[in-house]
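# build me a model:
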Amino acid sequence: MKAIVKIGGKQYIVTEKETLLVDLLPEGTKELTLDAMLVIDGDKTTVGAPTVKGVKVKAKVVEELVKGDKIRIIRYKAKKRVHKENGHRQKYSRIEIASIK
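Below you'll find the model as predicted:
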């Protein structure tokens with residue numbers, strides 16, 4: 001069974017026992033209960049308006065403050081000897097989908 005859920009303004013296709021990285025959740029969050037926007041169960045597909053009634057996706061936070069890859073940002077002006085370099089590492093939370101019911 002697959003479901004589409006919305007976490008932090010982004011939509012994810014999830015299955016049971018799957019782990020995924022999502023934007024950093026508030027500190028102290030241990031479990032999440034999410035509404036499913038679409039459910040795929042074999043050949044049967046249920047679309048919600050905006051969510052499917054009676055279907056909840058339960059997830060638990062496995063790890064907090066996971067750092068993503070470093071992104072380098074470079075500003076450069078040709079022929080002026082002007083350049084500036086910055087970096088950024090996004091913080092994520094790792095969650096595991098416990099059940100789709």
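
# how far off centre is stretch 6-15?
5 Å (C-alpha atoms, centre = their mean, to the nearest Å).

# cool, and stretch 89-101?
For stretch 89-101, the distance to the chain centre is 6 Å (C-alpha atoms, centre = their mean).

# contacts for that stretch next, please.
With C-beta atoms under 8 Å, 6 or more residues apart in numbering as the test, stretch 89-101 has contacts from 1-3, 7, 14-25, 29, 32, 36, 39, 55-71. No exception for glycine: its C-beta is placed from N, CA and C like everyone else's.

# lowest average confidence, helix or strand, in the chain?
When each helix and strand of the chain is scored by mean pLDDT, DSSP states H and E, strand 44-47 comes last, with a mean of 90.

# which strands or helices does the next helix or strand after it pack on?
Next helix or strand after strand 44-47 toward the C-terminus (DSSP states H and E): strand 56-77. Applying 3 or more C-beta pairs under 8 Å, 6 or more residues apart in numbering; DSSP states H and E, we find strand 56-77 packed against strand 19-23, strand 31-41, strand 82-100.

# could I get these as a markdown table with distance to R75, mean pLDDT and mean neighbour count?
Output for those, formatted as a markdown table (distance: least, C-beta to C-beta, whole Å; pLDDT from 0 to 100; neighbours: other C-beta atoms under 10 Å):
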| stretch | distance to R75 | mean pLDDT | mean neighbour count |
| --- | --- | --- | --- |
| strand 19-23 | 26 | 96 | 14 |
| strand 31-41 | 38 | 93 | 16 |
| strand 82-100 | 5 | 97 | 14 |
